[in-house]
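**Student:** model the following, please.
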Amino acid sequence: MAETGEGAGARRQEAAPRWAFARTTAFRLTLLHLLLTLAGTALVGGVAWWVTAGFAARQAAQEIERGMGVLMRSGAASGLRGVALSIEARLAADRTGQEYYLLAGPDGQRLAGNLSAAPRARGWHEGAIRLPDGGTAPVLMLAAPLPGGGALVVGRDLSAARALEERLLAVAGWVAGGVLALGLAGGLLIGRGVARRAATMEAVLAAVQEGALERRLPVGAGGDEFDRLAARINATLERLQGLMGALRNVTDDIAHDLRTPLTRLRQRLDEAAAGADPEAIAAAQAEADRLLDIFAALLRIAQVESGTRRAGFTRVDLSAVAESVAEVYAPAAEERGQTLHARIAPGICLPGDSALLTQMLANLVENAVRHGREGGRILIELSPGELRVADDGPGIPEAERERVFQRFYRLDEARSGPGSGLGLALVRAVAELHGLRIALEDARPGLLVRLTLPDGGEAGR
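**Tutor:** Alright, predicted model coming up:
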């Protein structure tokens, strides 16, 4: 037996690896937070070491260089004997016991100082010396040759600097451990919050996928990116729910409104088949043409609402469109004894589809002629701000003005006349495609259709 998509998805979730959390954004955010915290701690620790233990080592080196300079000048002035006397004087004055010297003759024998041996190479050296108590001490030494032969070594005890370094390393270890724990806890807390909000979104969208179109994502008051994303998704779900409702309404309307013409078509065909009546055949053909017109109108509305026609927008002279429609419908108005007045400002343009705008205005004028009072007055007025079509007929009750834009919806008094109830639905679809705001108002008497142009149109351009 084939496994359903939901069952397969559930099995995939059950078979997910134990460490699937490691591939989540929340886990990656936790790691990034931890790495940045450790990097900042390491930077602060490096600066602290440089200004403490590093400073002590640099200070010892500077004292060694100053002592070496003094002894070298003494040697230049008094020879080895003068250097030896200076070393003895320095050792006698050293109360800390941290100064070390060695004066070696040309033969390598020690002449003065408290170091037992000299480094073989000149320059800086660091080593350990044995103390009288049997321990050792780290010493930084500088070795230099004397002008008359022999060598001079000056050193300083680094025990205090090394002890400070050890204490700093120990403190750094504790600090790093604490920072690591706090960073990990903070990162996990942040990651858990992100994961929880993502899980909430996933659960709601899964419910929507199962058919619960009324479900919505929670939107907090913080206004962060998750709140903005949730608001955008909720707006999309509102639109989706509206479209699905409209689709159900269209399906119901089609099933209801096409039942009668299809039944009449079947009766006409039965009559034609029974008696070969030319009138019955003509009537059946007329019913078939009416059905084809209804389906063509539905397809046209669906195409307009999809927005695909927007890609082909060009600059349309709306004034020329209005004049053309007024000229076409003037004879139809005269047949009913009506007077069609057109007050059209020249040069009003907007980006759009000329054919759709013509169809929209033609539907409005046709409705005005059809439902207006015989012998009455029809008005088409175009100004830089709006387009208006008005008649002096019975109008539309205020409670019905929004419903007449629905597909197949017709007022009771209009059901006996020709039409399919799709004209105003197409008008609204074309208006929304072009960014026009449409409103039905009372013309006292009659109906006024007001279309507000986006940005007032492009008058005079």
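**Student:** strands along the stretch 301-450 of the chain, start to end?
**Tutor:** Secondary structure of the stretch 301-450 of the chain (DSSP state E, counting those that start in this stretch): strands at 314-317, 339-344, 349-352, 377-382, 386-390, 437-442, 447-452.
**Student:** residue 145 is nearest to which of those?
**Tutor:** Set against residue 145 and scored by Cβ to Cβ, the strands of the stretch 301-450 of the chain come closest in strand 349-352, at 91.2 Å. Glycine gets a C-beta too; all of them are placed from N, C-alpha and C.
**Student:** what packs against the closest one?
**Tutor:** strand 314-317, helix 318-335 (3 or more Cβ pairs under 8 Å, 6 or more residues apart in numbering; DSSP states H and E).
**Student:** pull out the buried positions in that strand.
**Tutor:** 349-350, 352 (16 or more other Cβ atoms under 10 Å).
**Student:** out of those residues, the closest to residue 311 would be?
**Tutor:** Of the buried residues of strand 349-352, the one sitting nearest to residue 311 (Cβ to Cβ) turns out to be residue 352, at 12.1 Å.
**Student:** who's the closest one bridged to?
**Tutor:** As for beta bridges, residue 352 partners with residue 314 under DSSP bridges.
**Student:** check contacts around it.
**Tutor:** 313-314, 316, 433-434 (Cβ atoms under 8 Å, 6 or more residues apart in numbering).
**Student:** how does it look with 10 Å?
**Tutor:** 309-310, 312-316, 318, 321, 360, 430, 433-436, 454 (Cβ atoms under 10 Å, 6 or more residues apart in numbering).
**Student:** ok, residue 81 next?
**Tutor:** 74-75, 103, 111-112.
**Student:** among these, which pair sits farthest apart?
**Tutor:** Taking Cβ to Cβ, no two of these sit farther apart than 74 and 111, at 13.4 Å.
**Student:** and those two? which has more neighbours close in?
**Tutor:** Set residue 74 next to residue 111 and count neighbours by other Cβ atoms under 10 Å: residue 74 wins out with 19 against 16.
**Student:** I'd assumed residue 112 was in contact with the more buried one.
**Tutor:** No - judged on Cβ atoms under 10 Å, residue 74 makes no contact with residue 112 at a distance of 11.7 Å.
**Student:** joint contacts of those two?
**Tutor:** With Cβ under 10 Å, 6+ apart, residue 74 and residue 112 have common neighbours 80-81, 83-87, 152.
**Student:** could you count how many residues lie near residue 219?
**Tutor:** So residue 219, with other Cβ under 10 Å, has 16 neighbours.
**Student:** which secondary structure state is assigned to it?
**Tutor:** Residue 219 falls in the coil class when you classify it by DSSP: H, G, I helix; E, B strand; the rest coil.
**Student:** how far off centre is the longest helix anywhere in the chain?
**Tutor:** Using DSSP state H, we find that the single longest helix of the chain is helix 159-209. Relative to its chain's centre, helix 159-209 lies at 26 Å (Cα atoms, centre = their mean, to the nearest Å).
**Student:** elements contacting it?
**Tutor:** Secondary-structure packing of helix 159-209 (3 or more Cβ pairs under 10 Å, 6 or more residues apart in numbering; DSSP states H and E): helix 5-14, helix 25-51, helix 53-93, strand 136-145, helix 225-257.
**Student:** list the buried residues in the fourth one.
**Tutor:** By that I understand strand 136-145. Buried residues in strand 136-145 (16+ other Cβ under 10 Å): 137-143.
**Student:** now these as CSV including pLDDT?
**Tutor:** What follows is these, written out as CSV (pLDDT from 0 to 100):
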residue, pLDDT
137, 78
138, 84
139, 83
140, 85
141, 86
142, 87
143, 87
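**Student:** which of the residues you listed sits closest to residue 91?
**Tutor:** Among those, and counting by Cβ to Cβ, the member closest to residue 91 is residue 139, at 14.5 Å.
**Student:** what bridges to that closest one?
**Tutor:** Applying DSSP bridges, one finds that residue 139 bridges with residue 127, residue 157.
**Student:** from residue 153, how far off is it?
**Tutor:** From residue 139 across to residue 153, the span is 10 Å (Cβ to Cβ, to the nearest Å).
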